[in-house]
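Colleague: here you go, sequence then predicted model.
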Amino acid sequence: MNHGPRNFVQEEYDKFDSSAKSIMIDHLLLKGYEIVRSDEDYHHDIVASKDGSNFYFELEVKVGRPFTSVEDFPFDTVSFTGRKIRLHRIKPFFYVIFCLDTNAYLYCHSNRIYDERYAKDVVINSKNRKGMDKMYRVPKEFCNFVIL
């Protein structure tokens, strides 16, 4: 199946990437992590270290659907894009979705996300993307919600 919407959208990246990275880096530092890498290299957005182990993070920002918790998340599942499975194959990571409107985020580990039981081909019809895309729809109860 053709998955055209998987294409990278520079406009969205430019609008949200630096603010999402800054928020996550500050939060990780407060939690005792050291930032190993956060420069753009087309791999994981942030690599952080704690207690001698590296942790990998991929960040995304959702707009127009505010949430703060599993209770007010507007859907039964959380949709994670299939195009980031390439990063999972390099090194499993925490997939973080920010809601800048509420200063909250949710996260789920890629080991749970990229399970074919959750895979769905979805029609995308947004301003920047149109066509079929593979999404992984994980039950929201399997995600962790954080208010900053």
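Modeller: Received, thanks. From a predicted model like this one, the values you see are computed outputs, not experimental measurements.

Colleague: isn't there a helix covering Ile85?
Modeller: Yes - residue assignment for Ile85, taken from DSSP: H, G, I helix; E, B strand; the rest coil, places it within a helix.

Colleague: all strands of this structure, in order?
Modeller: With strands called from DSSP state E, the chain shows them at 34-37, 46-50, 53-61, 77-81, 94-99, 104-109, 119-125, 130-139, 144-147.

Colleague: just name the most buried of those strands.
Modeller: Using mean count of other Cβ atoms under 10 Å, the stretch among the strands of the chain with the largest mean neighbour count is strand 94-99, at a mean of 22. Just so you know, the C-beta spots here come from the backbone N, C-alpha and C atoms, and that holds for glycine as well.

Colleague: report the strands that pair with that one, each with its relative direction.
Modeller: In its sheet, strand 94-99 lies beside strand 53-61 (parallel), strand 104-109 (antiparallel), with partners assigned from DSSP bridges.

Colleague: from Arg89, how far off is the closest residue in space to Lys134 that isn't next to it in sequence?
Modeller: Beyond its immediate neighbours in the sequence, the residue positioned closest to Lys134 (Cβ to Cβ, 6 or more residues apart in numbering) is Gly82, lying 3.3 Å away. Distance check for Gly82 against Arg89: by Cβ to Cβ, to the nearest Å, it reads 12 Å.

Colleague: compare these two and say which is more crowded by neighbours.
Modeller: When neighbours are counted by other Cβ atoms under 10 Å, Gly82 comes out ahead of the other of Gly82 and Arg89, with 20 against 10.

Colleague: which pLDDT value goes with the more buried one?
Modeller: Predicted confidence (pLDDT) for Gly82: 94.

Colleague: adjust the sequence numbering to begin at 19 for everything that follows.
Modeller: Renumbered: residue one is now 19, and that last one reads Gly100.

Colleague: do I have it right that it meets Ala137?
Modeller: Yes - taking Cβ atoms under 8 Å as the definition, Gly100 is a contact partner of Ala137 at 7.1 Å.

Colleague: what sits in contact with each of these two?
Modeller: When Cβ atoms under 8 Å, 6 or more residues apart in numbering defines a contact, the residues bordering Gly100 and Ala137 alike are 152-154.

Colleague: can I get the residues you listed in CSV with pLDDT?
Modeller: As requested, these are exported to CSV (pLDDT from 0 to 100):
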residue, pLDDT
Lys152, 93
Met153, 94
Tyr154, 97
